[in-house]
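Q: Fold the stuff below for me.
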Amino acid sequence: MADLTVGKKAPDFTVVDDQGKEISLKELKGKKVVLYFYPKDDTPGCTKEACAFRDGIAQIKKKGAVVLGVSADSIDSHGKFKKKFDLNFPLLSDPDKKLIQDYGVWKEKSMYGKKYMGIERTTVIIDEQGKVAQLFPKVKVDGHFDEVMEAL
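A: Numbers count the residues shown, from 1 in each chain. Okay, the predicted model is just below:
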């Protein structure tokens, strides 16, 4: 499990996006990256979070940043989710959970008293040099976009 610390180098990754195109952290050097991990495509909280980033993409780009959403859902699932909500940024597919585990967001969760493993909603802002600039663990969707904008 990753020990993400502000100021340390972010774990590198190469994964495919909703178009099947490879995206790697190395390619994004020189840009700020808003890497947000979410549990599942097309669920209420994840949809609300994705739509907030969609609606604010111009503001994010003005800050020299890109947004990447990450879940363990398939490329196909991401494609449908993206199309349904007209999302204007890549969704990264990590079905083997390597990236998810490298960033330490695969956690034991509990719902209705049942314990299970899942993605803890987390946002990591990576600076132009590939270092962790800001961490938002256990994200609450309401107001999160504003927190991210402040951090950028």
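Q: biggest helix in this protein by residues?
A: When the chain is parsed with DSSP state H, its longest helix is helix 44-55.
Q: which secondary structure elements does that one contact?
A: strand 32-37, strand 65-71, helix 144-151 (3 or more CB pairs under 8 Å, 6 or more residues apart in numbering; DSSP states H and E). All C-beta atoms are positioned from the backbone trio N, CA, C, and that covers glycine.
Q: Can you redo these as JSON lines, where the extra columns are distance to residue 93 and mean neighbour count?
A: Converted to JSON lines, those look like this (distance: least, CB to CB, whole Å; neighbours: other CB atoms under 10 Å):
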{"stretch": "strand 32-37", "distance to residue 93": "12", "mean neighbour count": "23"}
{"stretch": "strand 65-71", "distance to residue 93": "8", "mean neighbour count": "23"}
{"stretch": "helix 144-151", "distance to residue 93": "22", "mean neighbour count": "16"}
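Q: Any chance of those in JSON lines with distance to residue 91 and mean pLDDT as columns?
A: As requested, the helices and strands packed on helix 44-55 are exported to JSON lines (distance: least, CB to CB, whole Å; pLDDT from 0 to 100):
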{"stretch": "strand 32-37", "distance to residue 91": "10", "mean pLDDT": "97"}
{"stretch": "strand 65-71", "distance to residue 91": "5", "mean pLDDT": "97"}
{"stretch": "helix 144-151", "distance to residue 91": "17", "mean pLDDT": "95"}
